[in-house]
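>>> next one to model:
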Amino acid sequence: MRARVLVLIAAILVGACTGDGDGAEGGGPEAAGTRFEAPGLAEVRLLGPSTEGVGEVPTFEWSPVEGAAAYRLVVVDADGGAVWAWEGDGTSAPLGGVPDRPVGAEGPVLSPGSSWSVSALDAEGHVLAVSLLRPVSP
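Reported below is the predicted structural model:
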């Protein structure tokens, strides 16, 4: 079941990201020059960080979704390879999951051309909403 959910999320992320994706602050599809295309799903609104100059260990933030019991954050590199994933009930998470991680400490770091997305899950783990795939670079 979990594998099917991950495949569904990947398909939604690929299908939901259209347009130039400049990811202007605010996170809405209009701000990013894109339109949201995930039939039957609401959009998770991404709040931050901005798309560039965020450092190697940014904190990701998004708006809460009504009915969500958990959120799944996925960060990928420029080639689409997984960098880091997080799941929890909060609406923000620092890269690596450690707040105020010291510079040089072990853990994932952001590289140029990375992107991120958040999915909102109900209590049974079903996807309620998904964000656009937003670019982010250090």
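>>> all contacts plus neighbour counts: C-alpha atoms, from now on.
Will do.
>>> quick check: the gap between the closest residue to residue 62 other than its chain neighbours and residue 118.
Closest residue in space to residue 62, ignoring its immediate chain neighbours: residue 46 at 4.3 Å, by Cα to Cα, 6 or more residues apart in numbering. Shown here: residue 46 relative to residue 118, a distance of 8 Å by Cα to Cα, to the nearest Å.
>>> and the helices in the protein?
2-16 (DSSP state H).
>>> and the residue of the chain most remote from its centre, backbone torsions?
In the chain, the residue that sits farthest from the middle, by Cα atoms, centre = their mean, is residue 104; the gap is 23.9 Å. Main-chain torsions, residue 104, degrees, to the nearest 10: phi 90, psi -10.
>>> hmm, back to that, who touches both of residue 46 and residue 118?
62, 131 (Cα atoms under 8 Å, 6 or more residues apart in numbering).
>>> on that earlier part again, burial of the residue nearest to residue 62, as a residue count?
28 (other Cα atoms under 10 Å).
>>> what does the pLDDT read for the residue nearest to residue 55 when sequence neighbours are not counted?
Among residues not flanking residue 55 along the chain, residue 138 sits closest, at 4.1 Å (Cα to Cα, 6+ apart). As predicted, residue 138 sits at a pLDDT of 94.
>>> any idea how far residue 138 lies from residue 123?
Distance from residue 138 to residue 123, counting by Cα to Cα: 34 Å.
>>> which of these two has more neighbours?
Neighbours per residue (other Cα under 10 Å) separate residue 138 from residue 123, with residue 138 holding more: 17 against 10.
>>> was I right about that one contacting residue 53?
Yes: taking contacts as Cα atoms under 8 Å, residue 138 lies within contact range of residue 53: 4.8 Å.
>>> specify the beta-bridge partners of the residue positioned nearest the centre of the chain.
When Cα atoms, centre = their mean is applied to the chain, the residue found nearest the centroid is residue 117 (1.9 Å). Beta-bridge partners for residue 117, by DSSP bridges, are residue 74.
>>> ok, residue 70 next?
Counting by DSSP bridges, the residues bridging with residue 70 are residue 121.
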